[in-house]
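*Asks:* Just to be clear, the model below is a prediction. Sequence and coordinates:
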Amino acid sequence: MNIAKPRASRTGPGWRLRLKYQWAGLRGAYAWFRARYVLLKPLPGDIYVATAAKAGTTWMQQIVFQLLHEGRGEFEHIQDVSPFLDTLGTKPEGRALLAALPSPRIIKTHQNHALLRPPASSRILYVTRAASDSLLSYYHQQVLRQGGSQDFGQYLQGALRHNGWSSHLRSWWPHRQDPNVLHVRYADLVANRERECRRIATFLGLRLEDAWLPSILEKTSFDYMKRNTHRFDPLRGRPERGSFIREGKVGSGQGALDPEHQALLEQALAPLYRELGIQGGEV
């Protein structure tokens, strides 16, 4: 399939940058179409971990994998057993990786509901995390990968303009009570992981013996995942400045905001919460 590069007006400042973003957008759209409609052949019982970026995605992948394997699950890297659907369209090995996964497959995605179009026979774990905490976590990941010391407030303003977190919430929130969707709050995972593991197992129709819980809780703890960060880092062992698994706390984002930026975030989210009928603490 050939895609002609989009034309951009060669007048005014920034036309090269506009062309770059337009071309990147087309390439991304093609990669997603290939991943979802060419490589992915949906199977009954497929499990989708659906989150906005840095909202507990990797944690939920590990939880589901350990529940499926009674706390004895091992792997070289999480993406070998739970691939990231959004990027598979760019990988030559994408088709083989999906075909080799045992059923039920655990598939990670950050895509909006309308683009994913999950089959009714699938099971979706929809995880939400407070916007300020997700944005702070993503900020630290960017600093980790790219270096530098960008002010969090400046980063926040750019992130709000990009609107990825809000777009994901707007897309998925109305589906959180669908029969094949379980909504899990990140804050609840932090507060009582055993209770949430039991709830997830019940939703997935998995047997969960009390004897398996100590191993499951150990392998889904932040201490364990941080000690094994090379198994979870998307860069797969490339040089890094710190651990991909950071803190996993609740409320850190609020503490990182000064009053001006806190007001900016609340101003951006208030209309969305009214639109979706979200009360405080539901996300």
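*Replies:* Great, that's in hand.
*Asks:* Following the helix-or-strand element of the chain with minimal mean pLDDT in sequence, what is the next regular element?
*Replies:* The weakest-scoring helix or strand in the chain, judged by mean pLDDT, DSSP states H and E, is helix 252-256 (a mean of 64). On the C-terminal side of helix 252-256, the nearest following helix or strand under DSSP states H and E is helix 259-276.
*Asks:* Name the residues of that following helix that are buried.
*Replies:* If you call a residue buried by 16 or more other Cβ atoms under 10 Å, then helix 259-276 has these buried ones: His261, Gln262, Leu264, Leu265, Ala268, Leu269, Leu272, Tyr273. C-betas here are computed from N, CA, C, even on glycine.
*Asks:* what does stretch 151-165 give?
*Replies:* Under the neighbour-count criterion of 16+ other Cβ under 10 Å, stretch 151-165 has Phe152, Tyr155, Leu156, Ala159, Leu160, Gly164, Trp165 buried.
*Asks:* I'd like those residues laid out as CSV, including secondary structure and pLDDT.
*Replies:* Listed next are those as CSV, based on DSSP: H, G, I helix; E, B strand; the rest coil; pLDDT from 0 to 100:
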residue, secondary structure, pLDDT
Phe152, helix, 71
Tyr155, helix, 75
Leu156, helix, 74
Ala159, helix, 74
Leu160, helix, 76
Gly164, helix, 83
Trp165, helix, 86
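*Asks:* export those residues to JSON lines and tack on distance to His113?
*Replies:* Output for the buried residues of stretch 151-165, formatted as JSON lines (distance: Cβ to Cβ, whole Å):
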{"residue": "Phe152", "distance to His113": "29"}
{"residue": "Tyr155", "distance to His113": "27"}
{"residue": "Leu156", "distance to His113": "25"}
{"residue": "Ala159", "distance to His113": "21"}
{"residue": "Leu160", "distance to His113": "21"}
{"residue": "Gly164", "distance to His113": "14"}
{"residue": "Trp165", "distance to His113": "15"}
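*Asks:* May I ask which two of these are separated the most?
*Replies:* Of all pairs drawn from the buried residues of stretch 151-165, the one with the longest distance (Cβ to Cβ) is Phe152 and Gly164, at 16.7 Å.
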